[in-house]
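> turn this into a model:
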Amino acid sequence: METTLNMRTDIFKQITYAARLRGVSRSGIIISLVKEAMKDISDPGRLGSMVRYQKRMKRCDWQLFHLQVGEDDYEFLLDMRKLCKMSVSLILAYAVEKYLSKLVKNKNADNYRFKNYAIVRECLEGVICWKFFWGLPLNLSTLF
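Numbering: from 1, shown residues only. All right, here's what the predicted structure looks like:
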């Protein structure tokens, strides 16, 4: 699947450098970074709050990037946007600042920490619940 990100040019250059150094695509680096940021979500965005975006800058300071991702990674990006109440570009800017140097240094890092994606619907006493799984547990029976 293809989607687009509007990122600051300095972030784009850092991602390009990291991708060359690691020998992977820029899309692979981006997905790895956003998945690293996932572990920082301790309290999802509050109901009724607006999605936050990056600060406005001059047009020449932005780079439009066409991101190629699998279906599960695309859904993961949408989930992150909803949970963090942040645009994917803003999540990426945060992840670059916090995790890019670690990702570049760790040559053996797994670029695809979550290889599966599942959504399970459950009804508890008349309340519909949705469970999102970024990866699958060893015991699949725990999903149901």
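> which other residues reach the lengthiest helix in the chain?
If you go by DSSP state H, the chain has its longest helix at helix 88-105. The set of residues external to helix 88-105 that reach it, using Cβ atoms under 8 Å, 6 or more residues apart in numbering, is 5-8, 11, 14-15, 17-18, 21-22, 29-30, 32-34, 36-37, 40, 52-54, 77, 80-81, 84, 86, 109. C-beta: built from backbone N, CA, C; applies to glycine.
> who are the contact partners of the residue sitting nearest the centre point of the chain?
Residue closest to the mean C-alpha point of the chain, counted by Cα atoms, centre = their mean, is residue 34 at 3.1 Å. Residues in contact with residue 34 (Cβ under 8 Å, 6+ apart) are 76, 77, 80, 88, 91, 92, 95.
> one step back: what about burial for the contacts of helix 88-105, which qualify?
5, 7-8, 11, 14-15, 18, 22, 29-30, 32-34, 36-37, 54, 77, 80-81, 84, 86 (16 or more other Cβ atoms under 10 Å).
> show the pLDDT at the residue sitting furthest away from the middle of the chain.
In the chain, the greatest distance from the average C-alpha position (Cα atoms, centre = their mean) is reached by residue 125, at 32.9 Å. What the model reports as pLDDT for residue 125 is 92.
> phi and psi next, for it.
When read as degrees, to the nearest 10, the backbone of residue 125 gives phi 50, psi 40.
> separation between it and residue 42?
27 Å (Cβ to Cβ, to the nearest Å).
> picking that back up, top of the contacts of residue 34 by number of neighbours, please.
Each of those was scored by neighbours using other Cβ atoms under 10 Å; the highest score is residue 92's, at 29 neighbours.
> where along the chain do the strands fall?
Listed in chain order, the strands of the chain (DSSP state E) span 2-8, 62-68, 117-124, 127-134.
> export those strands to a markdown table and append columns for distance to residue 102.
Putting the strands of the chain into a markdown table (distance: least, Cβ to Cβ, whole Å) gives the following:
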| stretch | distance to residue 102 |
| --- | --- |
| strand 2-8 | 19 |
| strand 62-68 | 21 |
| strand 117-124 | 24 |
| strand 127-134 | 20 |
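> nearest to residue 48, out of those?
strand 127-134 (18.9 Å; Cβ to Cβ).
> buried ones in the closest one, by neighbour count?
residue 134.
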